[in-house]
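A.B. asks: Fold the following and give me the result.
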Amino acid sequence: VSEKRHWKVPNMSLEYEDVKPTLKRETTTDLDAERETKRLKRDTSSLVESQKITRGTSLLSTEDEYLDDAGYDEAYLDDDEDYLIDDVGEEDDTIMASNDIKECPWTFLSNEEFVKELLRLVTESIGPYVLGDDEDTIAWKCLHLLRALDWNLGKVDEIADNQSKLCQKAGVLEEPAEMGEYEDVVVCTICEEKVDFSETLALECQHRFCKDCWTGFVSSTLQSFTYQQIFDNMKCMHRGCEASVLGPLIQEVLEEKDWQHYLRMLVKSFTEVNHATYSICPSCSTIAKANSLSSTVSKTVNCRCGNSYCFGCTMAPHVPASCIDLEKWKSKDGDEEASLNFIKATTTQCPKCGRALDRITACNHITCGCGNQFCFVCKQAWGKCSIYTCAKYKTLEEQQKAEGEFAPGYQTSSAWLVGHERYVAFSNKQVHAKGQHDKAVRLRAKILDKSLEYREAKPGGNPQFMIDGVEVLIKCWSIIQYTYVWGFFNIPPKICPQKNIYEWQVKNYEKLASDLEAALKEPAATIDHLKTKHLYTLIENSLIKKIEEAEDLLALFSEASTGNVIPQSVLARWTCPSCDYSNHPVEQEKACGHCSKPRPEVKILWFGTE
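C.D. replies: The predicted structure follows:
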């Protein structure tokens, strides 16, 4: 744009908007509205082409890559201008590409909506096999028949062959009993009180009791049994009658809060079996139904109450670790057997007093508190064993023969210690990432206050980038935290290209997250809008989206092209199998520098594939 123009950005709200903000320009002449619109589009297009920012597209971009983008400050900021052009020319801006909105993978239902939909579904499937007085009774009888089929709609065809047996199991009468003649005043056989006929209720078995007795029975059953036991114990109060108490009667005798409790127990019983399709929010009990069972769909549910949780285990989101990985990780964290194995592997017992002792140096000479002196390896009195025999290196076969199997899956104590030290290293990194995640959560409140300061410091500016940035930062540290959990069970423990690439990528993610945190902590008056937005967009595209949408995480961490930096595995030295000489990867690329023997052929295993 040859001439200077003053642009204004409207004061947008802090919420996401799906519409493109209109840019208003100050003008001193009255032009036709259509001509003015065309000129704005033409000027904006020219400005975009001349001042476009080139974003990094590699999987791992370093700080220098996004700081060395030629003059983005000069392209967007001008001390002579009164206003800032907000987000013009960014190709992947969500406001500029509002048409690329993804469909929500979940359908949210309340307990009442879910039960109503379930009753409609079972009535269509099982209704032809059931007789009843009205539609509600038939629907609830169908629901109890589905419970007898273990909540599996795929077994509906079994009703035709075993209808009598299934009806007996579900407590459903094949045909309703005929109603007898009653007087206006009847005697309740439970409380033996005379009550009006209108104050009594009965199931299809026609065993009639007063409403107060029904209320007490249903309420006490709800309080006494779990959701797995309640349906087998909520039967007719008449001795020997196995008719199940149906929903219409329960709703009539219970208060609203108790009725909602019954619905929650019913929903929990159903979703526990059909957990692949349904999940319950631990915060508000809203049911989330998966619209697609594709493996590419993220397992993190963002409920309409604002809570986020894992669809599989209803715990806090733990992408990319699976629910099984997280369960095994927690079992290792509180494993008492591991503590006993550690004591067993690192200590020896005094042959005189039985006290467990550890050595702080490599010397085998141990002096116990009881005064006994013995060898740490063979436990003989000091001086009676050969120091050369006890201190000699033992092969794996010799250790196994001397010690036997140390622990399940570990032949020797040394092998167990190597695995334990690996777990400790991953655990320390996971704890550090968790601390950074909690720190980012606390930063969210400060960013909300800073957004108000930003509006005052830069009139017309939009602080939405700070709010978006802190949310990306929280999600980034959450993913890094559980990347260590996933990596412990899936990344090979031995040195290999996959291990080096994994560690390299995670380290780079941590560096980007730290840079974003530092950018967000800048004062409101000096915070760099473009650098901050570029950072969190880079993290969102290179980490969050890739991990959430990856079908094979092992392949993601095995990509050969990960940037311009050569992986450390390529620069690693190689050891000659003949003389154990450590050779330089370049100078001794083909032959050993000590014995001149040719370098052996190397077969790289990429997760089981040569």
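A.B. asks: for the stretch 251-400 of the chain, what spans make up the strands?
C.D. replies: Secondary structure of the stretch 251-400 of the chain (DSSP state E, counting those that start in this stretch): strands located at 278-280, 287-290, 300-302, 308-310, 348-349, 356-357, 365-367, 373-375.
A.B. asks: mind checking which of the ones you listed is nearest E540?
C.D. replies: strand 300-302 (14.4 Å; C-beta to C-beta). All C-beta atoms are positioned from the backbone trio N, CA, C, and that covers glycine.
A.B. asks: How far off centre is that closest one?
C.D. replies: Relative to its chain's centre, strand 300-302 lies at 8 Å (C-alpha atoms, centre = their mean, to the nearest Å).
A.B. asks: Touching that strand from outside, list them.
C.D. replies: Strand 300-302 has contacts (C-beta atoms under 8 Å, 6 or more residues apart in numbering) with 106, 279, 281, 288, 308-311, 317, 319, 548.
A.B. asks: One more pass at 7 Å, please.
C.D. replies: Strand 300-302 has contacts (C-beta atoms under 7 Å, 6 or more residues apart in numbering) with 106, 279, 288, 308-311, 317, 319.
A.B. asks: Pull out the buried residues from these.
C.D. replies: Buried subset of the contacts of strand 300-302 (neighbour count, 16 or more other C-beta atoms under 10 Å): 106, 279, 288, 309-311, 317, 319.
A.B. asks: got those residues as CSV, with distance to V506 and pLDDT columns?
C.D. replies: Output for those, formatted as CSV (distance: C-beta to C-beta, whole Å; pLDDT from 0 to 100):
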residue, distance to V506, pLDDT
W106, 29, 85
S279, 29, 91
A288, 30, 92
Y309, 24, 91
C310, 21, 90
F311, 25, 89
P317, 18, 89
V319, 14, 88
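A.B. asks: Can you lay out the residues you listed as CSV showing distance to H437?
C.D. replies: Shown next, in CSV, are the buried ones among the contacts of strand 300-302 (distance: C-beta to C-beta, whole Å):
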residue, distance to H437
W106, 24
S279, 23
A288, 23
Y309, 16
C310, 16
F311, 20
P317, 11
V319, 13
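A.B. asks: D134 and G180, how far apart?
C.D. replies: 19 Å (C-beta to C-beta, to the nearest Å).
A.B. asks: List just the one of the strands of the stretch 251-400 of the chain that sits closest to K521.
C.D. replies: When those are compared by C-beta to C-beta, strand 308-310 sits nearest K521, at 24.5 Å.
A.B. asks: Which neighbours in the sheet does that closest one have, and how are they oriented?
C.D. replies: According to DSSP bridges, strand 308-310 forms sheet pairs with strand 300-302 (antiparallel).
A.B. asks: Dump the strands of the stretch 251-400 of the chain into TSV; add distance to Y484 as well.
C.D. replies: Formatted as TSV, the strands of the stretch 251-400 of the chain follow (distance: least, C-beta to C-beta, whole Å):
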stretch	distance to Y484
strand 278-280	25
strand 287-290	27
strand 300-302	18
strand 308-310	17
strand 348-349	33
strand 356-357	32
strand 365-367	37
strand 373-375	40
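A.B. asks: pLDDT (mean, whole number) over stretch 139-158?
C.D. replies: Model confidence over stretch 139-158, given as mean pLDDT, is 88.
A.B. asks: Identify the residues contacting it?
C.D. replies: So stretch 139-158 is in contact with 118-119, 122-123, 125-127, 130, 132, 159, 166, 169-172, 231, 244, 246-248, 270, 273-274, going by C-beta under 7 Å, 6+ apart.
A.B. asks: cutoff 8 Å now
C.D. replies: Identification of contacts with stretch 139-158 by C-beta under 8 Å, 6+ apart yields 118-123, 125-127, 129-130, 132, 159, 166-167, 169-172, 231, 244, 246-248, 269-270, 273-274.
A.B. asks: Take those residues and keep only those in helices.
C.D. replies: When helices are assigned by DSSP state H, the members of the contacts of stretch 139-158 inside them are 118-123, 125-126, 159, 166-167, 169-170, 231, 247-248, 269-270, 273.
A.B. asks: just the helices in the stretch 401-550 of the chain please.
C.D. replies: 413-457, 464-490, 497-520, 529-539, 545-549 (DSSP state H, counting those that start in this stretch).
A.B. asks: Tell me which of those helices lies nearest to T221.
C.D. replies: helix 464-490 (41.1 Å).
A.B. asks: what's the angle from that closest one to helix 413-457?
C.D. replies: 170 degrees (axes from the mean of the first three to the mean of the last three C-alpha atoms, to 10 degrees).
A.B. asks: Q373 pairs with what?
C.D. replies: Per DSSP bridges, residues listed as beta-bridge partners of Q373: T367.
A.B. asks: so it sits right up against N364, yeah?
C.D. replies: No: look at Q373 against N364 with C-beta atoms under 8 Å: they stay out of range, at 10.9 Å.
A.B. asks: more crowded one of these two?
C.D. replies: The neighbour count for Q373 versus N364, taken as other C-beta atoms under 10 Å, is higher for N364 (17 against 13).
A.B. asks: Can you report phi and psi for the more buried one?
C.D. replies: Backbone torsions of N364, given as degrees, to the nearest 10, read phi -90, psi 0.
A.B. asks: From N372, how far off is it?
C.D. replies: For N364, the distance to N372 - C-beta to C-beta - is 14 Å.
A.B. asks: next one: Q168
C.D. replies: 74 Å.
A.B. asks: per-residue pLDDT, S451?
C.D. replies: So S451 comes in at 90 (pLDDT).
A.B. asks: ok, it - how many residues close by?
C.D. replies: For S451, using other C-beta under 10 Å, the count is 19.
A.B. asks: For the residue nearest to it when sequence neighbours are not counted, give me its contacts.
C.D. replies: Among residues not flanking S451 along the chain, P463 sits closest, at 3.6 Å (C-beta to C-beta, 6 or more residues apart in numbering). For P463, the contacting residues are 14, 450-452, 454-455, by C-beta under 8 Å, 6+ apart.
A.B. asks: Could you turn the buried ones of those into a PyMOL selection?
C.D. replies: A single PyMOL command selects the buried members of these (16+ other C-beta under 10 Å):
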select buried, resi 450+451+454
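A.B. asks: Which two among the contacts of P463 are spaced furthest apart?
C.D. replies: So, these by C-beta to C-beta: farthest apart are L14 and K450, at 12.0 Å.
A.B. asks: number of nearby residues for G371?
C.D. replies: By the criterion of other C-beta under 10 Å, G371 has 9 neighbours.
A.B. asks: so how far is C592 from it?
C.D. replies: G371 is 53 Å from C592, by C-beta to C-beta.
A.B. asks: try G154
C.D. replies: To C592, G154 is 65 Å away according to C-beta to C-beta.
A.B. asks: who has more neighbours, these two?
C.D. replies: Neighbour tally, G154 and C592, criterion other C-beta under 10 Å: the higher count belongs to C592, 21 against 7.
A.B. asks: That one reaches H584, doesn't it?
C.D. replies: No: the pair C592 and H584 does not pass the contact test of C-beta under 8 Å, sitting 10.7 Å apart.
A.B. asks: Okay, and F108 sits in which element?
C.D. replies: strand 106-109 (DSSP states H and E).
A.B. asks: neighbours around the nearest residue to D136 once chain neighbours are set aside, how many?
C.D. replies: Leaving out its chain neighbours, the residue that sits closest to D136 by C-beta to C-beta, 6+ apart is P248, at 5.1 Å. Residues lying near P248 (other C-beta under 10 Å) number 14.
A.B. asks: And the helices of the stretch 401-550 of the chain, which one averages the lowest pLDDT?
C.D. replies: What stands lowest among those, in mean pLDDT terms, is helix 545-549, with a mean of 83.
A.B. asks: Now the helix or strand following that helix - C-alpha only, CSV.
C.D. replies: As assigned by DSSP H and E, the chain's next helix or strand after helix 545-549 is helix 553-556. What follows is helix 553-556, C-alpha atoms only, in CSV (Å, rounded to 0.1, in the frame of the first residue of the first chain):
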residue,chain,number,x,y,z
LEU,A,553,1.8,-42.9,17.6
LEU,A,554,4.8,-45.2,17.1
ALA,A,555,4.9,-44.1,13.5
LEU,A,556,4.6,-40.4,14.6
